[in-house]
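1. let's see this in three dimensions:
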Amino acid sequence: GALALGALVGAWLWVLLSQAGCGVPRRLRPWAFAPQTVWLERCCLDRSTDELKAAGLSSIGRYLSRSGGMIAFVSAAYFTDLRCVYELASFCKLHRGAQLSERLLLISLEWPGVLSPLKRAKLTREEAAWLDGFRCGDARCAVPSERAIVMSAVREVWGGDEAFEAFVRDELPPVLAESKARYSRQAGRVMYEALDAMFGG
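-> Predicted structure coming up:
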């Protein structure tokens, strides 16, 4: 009991000291031993000062270019957040083509459960409207300084607001529709796996 408790406390201290950057070399931090790293935008951007927040937001494109996959929980509110839409559009632009559907998964918490008979494979009129009328000027940002940083990146990558807005309106609806269709097919996969587990060899 005492040995297990000591190991647990040791592991906890290892993680805390690694997060704080206190005396643990990068190569010896817990996540250095993982074959894959999960980057959570909400947790991984340091917003403690304006300078650190600006540096983190300016580096989003670099993080996305090094990401092998992306999962986003989308909603009407998600598509009114300029930073969220910029991140999603940037990932789609970087990974355009046949492999995008393998790398990107969009999930709405409003979709019925995978076994629900009420789920639909096609976008509803409301879901299509999330993107149909997208305009940078209507999208919100937490603080004015964040808007300036994101819009600077938009203009650098797309060349202007209108090109970015057209990309969002034209390119993102099929991506959302593909994710919803894949989600709707999950019921069949779940049923098959359950039957295979019960009666398979």
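
2. count the neighbours of residue 78 for me.
-> 15 (other Cβ atoms under 10 Å). C-beta coordinates here come from the backbone N, C-alpha and C atoms, glycine included.

3. oh sorry, the question was meant for residue 61
-> Neighbours of residue 61 under the rule other Cβ under 10 Å: 18.

4. correct me, but residue 93 touches residue 167?
-> Yes. Residue 93 is in contact with residue 167 according to Cβ atoms under 8 Å; the separation is 7.0 Å.

5. the more surrounded of these two?
-> Neighbour count, other Cβ under 10 Å: between residue 93 and residue 167, residue 167 has more, with 19 against 16.

6. max-length helix in this structure?
-> helix 161-184 (DSSP state H).

7. can I get that one in CSV, CA atoms only?
-> This file holds the C-alpha atoms of helix 161-184, laid out as CSV (Å, rounded to 0.1, in the frame of the first residue of the first chain):
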residue,chain,number,x,y,z
ASP,A,161,-11.1,38.7,-45.6
GLU,A,162,-13.3,38.0,-48.6
ALA,A,163,-11.1,35.0,-49.7
PHE,A,164,-11.3,33.6,-46.2
GLU,A,165,-15.0,34.1,-45.9
ALA,A,166,-15.5,32.4,-49.3
PHE,A,167,-13.4,29.5,-48.2
VAL,A,168,-15.5,29.0,-45.1
ARG,A,169,-18.8,29.2,-46.9
ASP,A,170,-17.7,27.0,-49.8
GLU,A,171,-15.2,24.5,-48.4
LEU,A,172,-16.4,23.9,-44.8
PRO,A,173,-20.1,22.8,-45.4
PRO,A,174,-19.0,19.6,-47.3
VAL,A,175,-16.5,18.8,-44.5
LEU,A,176,-19.2,19.2,-41.9
ALA,A,177,-21.6,17.1,-44.0
GLU,A,178,-19.1,14.3,-44.4
SER,A,179,-18.4,14.2,-40.7
LYS,A,180,-22.2,14.0,-40.0
ALA,A,181,-22.6,11.2,-42.5
ARG,A,182,-19.8,9.2,-41.0
TYR,A,183,-21.3,9.8,-37.5
SER,A,184,-24.7,8.5,-38.8
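
8. give me the pLDDT value at residue 47.
-> pLDDT, residue 47: 64.

9. related to what we said a few turns ago, buried stuff in the longest helix of the chain?
-> By neighbour count on 16 or more other Cβ atoms under 10 Å, the buried set for helix 161-184 is 164-165, 167-168, 172-173, 175-177, 179-180, 183-184.
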